[in-house]
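Asker: using only what follows, build the 3D model:
(one chain, ligands or ions: 1)
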Amino acid sequence: MARLVNRRDFAKGIGATAAFCSATVRPDLARAKPNYHGPNVIIIRFGGGVRRRETIAPKTTFAPFFTHSLIKRGVLIPDLMIEKLEGQNTSHAEGTLNILTGRYLAWQDAGSRIFDDRLEPTEPTLFEYFRKTYAVPAHQTLLINGEDRPQEEFFAFARHKHYGIKYRSENLSLYRYKLYKLKRFLRSNKGTNEDIANARREYKKLKAMDYRGVTGLNDPMLNRFWESWRQDYRDSGLLNPRGDRLLTELALRAMKNLKPRLMMINYQDPDYVHWGNKSHYTRAISIIDQGLESIIGLADRDPFYRRRTNIIIVPDCGRDANPLTALPYQHHFNTRSAHEIWAFAMGPHIAKGKIYDRRYDQSQLAATVGAMMGMPTPRVEGAAIGGLFT
Ligand SMILES: [Zn+2]
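Answerer: Have a look, this model is predicted:
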C-alpha cells in the first residue's frame, strides 16, 4: 500500500499551483475560515466500470468527443491502476471512495447484499477537507448521483471524528427529488386520504434508506433548486431525462443555479452490461461522452467556470478483457484489466496535449485535488501527481 503523503510531497503539489493557493491555511487555528479563491473542480466519474479499449483508445473508442477533442486540451494518464489488495473489490462504490478519500479500503459496510454496494467512508472525503479548510456552503459542494443508487448518498461525508456531517456535500439525485416532492405534498394539506396515506408510506420508505438523517437538513438553496426542477419536470417523473442523461441535466442545472466549487458526477450506466448485452455498455459510454460535451461546453461559456475550472475524468473501475466468457465485461472477479483504468485532467494550470505515460494510482487523485485547491488532506495516501501542473 502507498505510504501516507508527507509534508514535502504535499508542499510540492501546493507549489505547483501557488498562484491560487495559500499553503499556510491552518483551519483549526484560524478564527474564521478564509474564502476560497482557487479553481473550481469538477470530478467526472466515467463510471459503471469501463475499459481503456472502449474509452481512450482512438481506434476503438465509443467516446469520440472525449478521445478526439477533449484529450488534447489536458493531460491523459493512460496507466492509472487500482492497487491489488486483499479485500479490495474492483467495483463502483469502492472505486468512488478511492477517488474521494485518497485511500484504499477506507470504508465500512453499511449493510449490503452481495454485489449491492452499500459502503460508507471511514476516512474524510474531498468535500470534508474542502469545507473544513474554506468557508464554502454545503450547496457549493455537490455529488450528482444516479437514480437507482441511494447508497451513493453515503459518499457525502465519512464517519470520522474530526470530519463528518458538519463538512458534508449536498447530493442531487432523483432520490432527493422524490423526498422533496413528497414532503411538499404532505405539507400542502391537499389530496385524498388515500393519496396522503400512500405519500406517507412512500416517504417513510425512502427516508429509511438514509439512516444518517442527512436528507432532513432542509437547505433553502436546495429547496429552491428542486422547486425549479419541479416546475419544469412536474411530479410524474415521466418528463425528466433518465439514466446518465439525468445526471448531465442535474449537473448543468447545478452549475447554473448553485455554482458548485467542487462537484463530482457519478455516471454509472455502462454497468447495465451486467445484464449481458454488450450494446448496453457501448451505448452508455456514448451517452457519457455527450454529457462531457455539454458540461465542458457550459464550463467554457459560463464566466463563473470559464478559465477557472479544473476537470478530472476517471473511471471507478475497469472491466474484464475477455468478451468470450459466459459473462463478458464483468468487474467483480479481480482480473487484471478490472484494475487497469486511466485519468484525464484539464484546467488553467494543467499542461495541454500531454500523455503522461507513467504508472499512477487511483488513490493519488485526492492528494492531487488537494494540491489544486490548496487544502490539507492529511489522511490521504500517496503523493499528488505534480507533473500535471505547468
Ligand atoms: Zn457493476
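Asker: so where is the stretch 1-150 of the chain shaky, pLDDT-wise?
Answerer: 1-31, 112-117, 148 (pLDDT under 70).
Asker: the helices in it, which residues?
Answerer: Under the criterion DSSP state H, counting those that start in this stretch, helices of the stretch 1-150 of the chain are mapped to 7-16, 64, 92-101, 126-133.
Asker: from the chain's centroid, how far away is the last one?
Answerer: The reference is to helix 126-133. 15 Å (Cα atoms, centre = their mean, to the nearest Å).
Asker: now do the buried residues in it.
Answerer: By neighbour count on 16 or more other Cβ atoms under 10 Å, the buried set for helix 126-133 is 126-133. For every residue, glycine as well, the C-beta is placed using N, CA and C.
Asker: could you dump those to a markdown table with distance to Asp210?
Answerer: Output for the buried residues of helix 126-133, formatted as a markdown table (distance: Cβ to Cβ, whole Å):
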| residue | distance to Asp210 |
| --- | --- |
| Leu126 | 21 |
| Phe127 | 17 |
| Glu128 | 18 |
| Tyr129 | 23 |
| Phe130 | 22 |
| Arg131 | 20 |
| Lys132 | 23 |
| Thr133 | 27 |
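Asker: just those residues now: which is nearest Tyr356?
Answerer: Leu126 (21.2 Å; Cβ to Cβ).
Asker: count of neighbours near Ala384?
Answerer: Neighbours of Ala384 under the rule other Cβ atoms under 10 Å: 28.
Asker: thought it was touching Gly370?
Answerer: Yes: using Cβ atoms under 8 Å, Ala384 is in contact with Gly370, at 6.7 Å.
Asker: so who does Leu179 touch?
Answerer: 203, 206-207, 215 (Cβ atoms under 8 Å, 6 or more residues apart in numbering).
Asker: now His162
Answerer: For His162, the contacting residues are Pro124, by Cβ under 8 Å, 6+ apart.
Asker: 10 Å instead, please
Answerer: 28, 124, 128, 132, 378-379 (Cβ atoms under 10 Å, 6 or more residues apart in numbering).
Asker: can you confirm it is in a strand?
Answerer: No: when classified by DSSP: H, G, I helix; E, B strand; the rest coil, His162 is found to be coil rather than part of a strand.
Asker: need the contact list for Asn40.
Answerer: Residues in contact with Asn40 (Cβ under 10 Å, 6+ apart) are 140, 255, 259-263, 299, 304-305, 308-311, 347, 373.
Asker: now it: closest residue in space, sequence neighbours ignored.
Answerer: Distances taken as Cβ to Cβ, 6 or more residues apart in numbering put Thr309 closest to Asn40, at 4.3 Å, once the chain neighbours are dropped.
Asker: distance check, the one you found against His331.
Answerer: 30 Å (Cβ to Cβ, to the nearest Å).
Asker: neighbour-wise, which of those two wins?
Answerer: The neighbour count for Thr309 versus His331, taken as other Cβ under 10 Å, is higher for His331 (27 against 21).
Asker: you'd agree that one is up against Asp320?
Answerer: Yes: using Cβ atoms under 10 Å, His331 is in contact with Asp320, at 6.5 Å.
Asker: got any residues that touch both of the two?
Answerer: Joint contacts of His331 and Asp320 (Cβ under 10 Å, 6+ apart) are 49, 51, 90, 337-338.
Asker: farthest-apart pair in those residues, please.
Answerer: Arg51 and Thr90 (11.7 Å).
Asker: what's the neighbour count on the closest residue to Ala106 other than its chain neighbours?
Answerer: Sequence neighbours aside, Glu123 is the residue nearest to Ala106 in space, at 3.8 Å (criterion: Cβ to Cβ, 6+ apart). Around Glu123 there are 21 other residues, counting by other Cβ under 10 Å.
Asker: swap in Lys204?
Answerer: Residues near Lys204, counting by other Cβ under 10 Å, number 10.
Asker: I'd guessed it sits against Leu182; true?
Answerer: Yes: using Cβ under 10 Å, Lys204 is in contact with Leu182, at 9.5 Å.
Asker: that older thread, who are the contact partners of the residue nearest to Ala106?
Answerer: 97, 100-103, 105-107, 158-160, 163, 366, 379-381.
Asker: buried set for stretch 223-243?
Answerer: 225-226, 229, 233, 240, 243.
Asker: that one: end-to-end distance?
Answerer: 22 Å (Cα to Cα, to the nearest Å).
Asker: please save the CA atoms from the strand or helix carrying Ala371 in PDB.
Answerer: Following DSSP states H and E, the helix or strand that holds Ala371 is helix 365-373. C-alpha atoms of helix 365-373 as PDB (Å, rounded to 0.1, in the frame of the first residue of the first chain):
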ATOM      1  CA  LEU A 365      -6.100  11.700  -7.200                       C
ATOM      2  CA  ALA A 366      -7.400  13.000  -3.900                       C
ATOM      3  CA  ALA A 367      -3.900  14.400  -3.000                       C
ATOM      4  CA  THR A 368      -3.800  15.900  -6.500                       C
ATOM      5  CA  VAL A 369      -7.100  17.600  -6.000                       C
ATOM      6  CA  GLY A 370      -6.000  18.800  -2.500                       C
ATOM      7  CA  ALA A 371      -2.900  20.400  -4.100                       C
ATOM      8  CA  MET A 372      -5.100  22.000  -6.800                       C
ATOM      9  CA  MET A 373      -7.400  23.500  -4.200                       C
END
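Asker: so what does it touch, helix or strand wise?
Answerer: In terms of contacts (3 or more Cβ pairs under 10 Å, 6 or more residues apart in numbering; DSSP states H and E), helix 365-373 is packed against helix 7-16, strand 40-45, helix 92-101, helix 126-133, strand 262-266, strand 309-314, strand 340-346.
Asker: tell me which stretches of the stretch 1-150 of the chain form strands.
Answerer: 40-45, 75-81, 107-109, 119-121, 141-144 (DSSP state E, counting those that start in this stretch).
Asker: list the buried residues of stretch 280-299.
Answerer: By neighbour count on 16+ other Cβ under 10 Å, the buried set for stretch 280-299 is 280-282, 284-285, 287-289, 291-293, 295-296, 298-299.
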